[in-house]
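Asks: need a 3D model of the sequence below.
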Amino acid sequence: MARELPYIAAINEAIQLEMERDERVLYLGQNLGMTENDPFVKAFGRDRVRITPISETAEIGMAVGAALAGFRPVVELYMAEFMLVAMDQVVNEAPRFRYMSAGQVSVPLVLKAGYGFTAGWAGQHTGTIYSMFLGVPGLKVAIPATAADAKGLMASAIRDDNPVVYFHHYLATLEHGEVPEGEHLVPFGEAAIRREGSDVTIVALGYMVGRALAAAETLAGEGVSAEVIDPRTLNPLDTRTILESVEKTGRLVLVDQATPLGAATAHIAARVADEGFGSLKAPIKQVTALDTTIAYSEPVEAHALPNEEKIAAAVRAVLGTAVSA
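Replies: Residues are numbered from 1 along each chain as shown. Have a look, this model is predicted:
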């Protein structure tokens with residue numbers, strides 16, 4: 001059965017259920033379990049719910065060591081930017097040890113990080129930086145767009161024997177959705193078709209899925225049938241579902257809140273151009289943030305970010321443009 005839950009509650013439910021299922025799961029963070037009345041502390045005690053030093057290098061380093069010792073830590077990082085001060089642990093340690101030991105050790109670690117805050121969080125707290133981690137072999141990247149996937153991808157991440165960076169958008173925190181009760185797993189590398197269509201494929205990442213669906217609804221009123229795909233994980237990436245959709249529609253619009261040179265959608269565009277070019281009836285179009293640091297000013301912030309209108313405009317552009325012979 002499913003019931004309505006906020007996105008953040010779905011994540012917490014997944015962590016709680018996995019901690020109940022497997023005593024090796026630990027929950028670490030700088031602001032976790034601040035009182036004895038904290039529900040995680042009451043349920044699992046201080047041995048498994050740990051307040052860490054105010055140092056991302058320390059807390060992620062501790063988690064890597066715990067994972068190597070046989071535990072399955074989840075690190076609450078709050079903001080993705082906080083990983084930037086611990087990139088050696090995130091990029092050069094956790095993903096490398098399994099390969100370098102010829103599989104003798106594994107690093108089952110989840111780094112839970114909010115991204116793309118906006119809403120006045122300004123320059124240092126609004127990054128959409130998941131593409132920075134895509135070029136690291138051994139490191140998986142999940143970006144749930146719905147409450148159900150927030151639960152299912154977190155459970156799968158905790159059970160994975162590889163390190164996972166789990167990105168959740170803070171503007172989605174209180175958005176409600178139907179979430180299955182009990183155990184719920186969403187496999188990595190399986191995209192979801194959120195809306196079927198025949199005229200154009202829209203691939204949107206994370207929080208942009210909702211914006212793409214709103215644009216698709218607007219376009220439907222104009223007689224345009226848009227198919228909306230949510231990759232759910234970027235590494236592994238379900239290229240097959242995207243290629244099959246482009247083969248059907250012949251047109252592709254990619255939506256990412258990241259800046260154009262840092263957009264993960266650039267990789268998707270390259271894959272489609274390489275493997276599905278013959279299906280395209282128009283050039284691939286990307287809708288991203290502008291190439292700027294996000295401002296504190298709300299009007300400037302809104303100007304810089306993708307939205308429904310920009311997505312709809314991109315769709316209209318590819319529908320009116322043919323590939324030259």
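Asks: just checking, what packs against the helix or strand hosting Ala9?
Replies: Using DSSP states H and E, Ala9 maps to helix 7-21. Counting contacts by 3 or more Cβ pairs under 8 Å, 6 or more residues apart in numbering; DSSP states H and E, helix 7-21 packs against strand 25-29, helix 39-44, helix 147-159, strand 164-169, strand 176-180. Placement of C-beta: from N, CA and C, glycine included.
Asks: and of these, who's closest to Arg3?
Replies: strand 176-180 (6.7 Å; Cβ to Cβ).
Asks: for the closest one, which outside residues touch it?
Replies: 1-7, 10, 13, 146-148, 150-152 (Cβ atoms under 8 Å, 6 or more residues apart in numbering).
Asks: may I have the strands that pair with that strand, each with its orientation?
Replies: Strand 176-180 has the following sheet partners, assigned by DSSP bridges: strand 2-6 (antiparallel).
Asks: run through the stretch 201-325 of the chain and note the low-pLDDT ranges.
Replies: 321-325 (pLDDT under 70).
Asks: residues contacting the residue nearest the centre of the chain?
Replies: Ranked by distance to the mean C-alpha position of the chain (Cα atoms, centre = their mean), the top residue is Ile143 at 1.3 Å. For Ile143, the contact set (Cβ under 8 Å, 6+ apart) comprises 130, 167-169, 205-206, 231-234.
Asks: relative to Met87, how far out is the nearest residue to Phe82 once chain neighbours are set aside?
Replies: Closest residue in space to Phe82, ignoring its immediate chain neighbours: Glu56 at 4.9 Å, by Cβ to Cβ, 6 or more residues apart in numbering. As judged by Cβ to Cβ, to the nearest Å, Glu56 and Met87 stand 9 Å apart.
Asks: those two: which has the busier surroundings?
Replies: Neighbour count, other Cβ atoms under 10 Å: between Glu56 and Met87, Glu56 has more, with 23 against 16.
Asks: now do the phi/psi pair for the more buried one.
Replies: Note on Glu56: backbone dihedrals following degrees, to the nearest 10 are phi -60, psi -30.
Asks: and stretch 12-19, what's its mean pLDDT?
Replies: Confidence for stretch 12-19, expressed as mean pLDDT, is 98.
Asks: buried residues of that stretch, list them for me.
Replies: 12-19 (16 or more other Cβ atoms under 10 Å).
Asks: now distance to Arg240 too, for those residues, in TSV please.
Replies: Below are the buried residues of stretch 12-19 laid out as TSV (distance: Cβ to Cβ, whole Å):
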residue	distance to Arg240
Asn12	32
Glu13	30
Ala14	26
Ile15	31
Gln16	34
Leu17	30
Glu18	29
Met19	34
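Asks: relative to Val49, which of the contacts of Ile143 is nearest.
Replies: Relative to Val49, the closest of the contacts of Ile143 is His168; by Cβ to Cβ it sits at 19.4 Å.
Asks: please name the bridge partners of the closest one.
Replies: Listed beta-bridge partners, His168: Gly114 (assigned using DSSP bridges).
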